[in-house]
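# Could you look at this predicted model? Sequence included:
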Amino acid sequence: MDVVLIILGIVFLLLGVVGCIAPIIPGPPIAFLSLLGLLFHSSEDVIPETSMLIWLGVIVIAVTVLDYFLPIWGTKKFGGTDAGKRGSIIGLILAFIFPILGPLTILVGPFAGAIVGELISGQDNQTAFKSGIGSFLGFVGGVVLKLGVVVYVGVKFIGLVW
């Protein structure tokens, strides 16, 4: 049973990394499941401390919630309007559904969506481009933040198991 828990933990960590980029998969919460699974391990040395789980759980929730707002915040910070924010979200969803350029599509989607949203609402090209840059930077910031948490969870998992 312990081997199954470790294998499942590794699978959860890998899915967590994928979830850092794919907008539909919640990366940090899935990676966090790897540590929760160790609660059922037969060896006391492998079971994570409750305080660590609580703090990591709070961090995982905070990062997951924050990730939804970073592209919107980036769009707004760079002068975008609500149309740019909506376009950014639509672009991200479409990029995930139609990965024409492979993984690069997920980077281009929010950027292009914000630009198109701004242009449709009547903004000039410069404002639309700045809005797209803000959306892109917000998305990349969210990916980096989530990836940092998932890597930290992975390090904790490996430290407990080995």
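All right, it came through fine. Computed from a prediction, not measured in an experiment: that's the story for all the values here.
# In this structure, spot the helix with the most residues.
Ranked by residue count and defined by DSSP state H, the top helix of the chain is helix 125-161.
# for the record, mean pLDDT for it?
Per-residue pLDDT values across helix 125-161 average out to 91.
# what residues are up against the residue nearest the centre of the chain?
Here the mean C-alpha position of the chain is nearest to the C-alpha of Cys20 (C-alpha atoms, centre = their mean), at a distance of 3.7 Å. For Cys20, the contacting residues are Gly27, Pro28, Val143, Lys146, Leu147, Val150, by C-beta atoms under 8 Å, 6 or more residues apart in numbering. Heads up, the C-betas are built off the backbone N, CA and C, glycines and all.
# okay, it: pLDDT?
88.
# quick one, phi psi at it?
Dihedral angles of Cys20 (phi, psi; degrees, to the nearest 10) stand at phi -70, psi -20.
# how about the contacts of Cys20, which pair is most distant?
Using C-beta to C-beta, the two most remote members of the contacts of Cys20 are Pro28 and Val143, lying 11.4 Å apart.
# Which one's more surrounded, the two?
Taking other C-beta atoms under 10 Å, Pro28 and Val143 do not tie; Pro28 has more neighbours (26 against 18).
# Roughly how far does Lys76 sit from Thr64?
Counting by C-beta to C-beta, to the nearest Å, the separation of Lys76 from Thr64 is 20 Å.
# I'd say Asp2 and Ser43 touch.
Yes: Asp2 is within contact range of Ser43, at 7.1 Å (criterion: C-beta atoms under 8 Å).
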